[in-house]
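Asks: pasting the sequence and the predicted model now:
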Amino acid sequence: MTPIIYVGLIVGWVAYVSYYPERDFDKEKWQADIEKRYEMTDDLVDNGKLIGKTKEEIKELLGQEDMSLDGSRWTYYIGFKPSLFGIDPDVLEIEFKDGKVSRCWTRET
């Protein structure tokens with residue numbers, strides 16, 4: 001019985017360490033607390049809220065990008081997403097095709 005308890009405790013600890021609340025996107029919160037932007041990125045990415053928007057619309061919604069690669073890909077810092085071995089900050093990547101968002105995703109830097 002002891003090994004089952006240990007495994008349960010380890011699984012519970014891993015779930016606790018990597019949990020974070022997922023919130024709906026809020027423009028004011030996005031701009032006010034850049035360290036917790038990761039809480040809103042699932043709403044933006046999974047629900048496709050950015051797909052089809054122009055660069056001007058993205059700037060109005062998210063603000064000035066942190067980094068731009070040839071203007072075809074923008075990066076926004078979103079803080080440190082809780083994870084077991086996460087030591088690097090995460091970013092929201094937005095890719096443009098013909099001046100509109102074609103896809104977006106999050107990644108660790």
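Replies: Received, thanks. Numbers count the residues shown, from 1 in each chain.

Asks: endpoints of stretch 21-30, how far apart?
Replies: In stretch 21-30, first residue to last residue: 15 Å (C-alpha to C-alpha, to the nearest Å).

Asks: mind listing what's buried along it?
Replies: Neighbour-count burial for stretch 21-30, with 16 or more other C-beta atoms under 10 Å as criterion, is recorded at 25, 30. Just so you know, the C-beta spots here come from the backbone N, C-alpha and C atoms, and that holds for glycine as well.

Asks: and what of stretch 75-87?
Replies: Across stretch 75-87, burial judged by 16+ other C-beta under 10 Å covers 75-81.

Asks: wait, what's in contact with the closest residue to Ser83 other than its chain neighbours?
Replies: In space, and not counting its chain neighbours, Ser83 is closest to Ser18: 5.1 Å by C-beta to C-beta, 6 or more residues apart in numbering. Neighbouring residues of Ser18 by C-beta atoms under 8 Å, 6 or more residues apart in numbering: 82-84.

Asks: find me the pLDDT at Ser18, would you?
Replies: On the pLDDT scale, Ser18 is placed at 77.

Asks: where does it fall, phi/psi-wise?
Replies: Dihedral pair for Ser18: phi -100, psi 10, per degrees, to the nearest 10.

Asks: ok, now Arg73?
Replies: phi -140, psi 130.

Asks: and the residue nearest to it when sequence neighbours are not counted, what are its phi and psi?
Replies: Leaving aside its chain neighbours, Arg73 sits nearest to Glu95 (5.1 Å; criterion: C-beta to C-beta, 6+ apart). Backbone geometry at Glu95, expressed as degrees, to the nearest 10, gives phi -110, psi 130.
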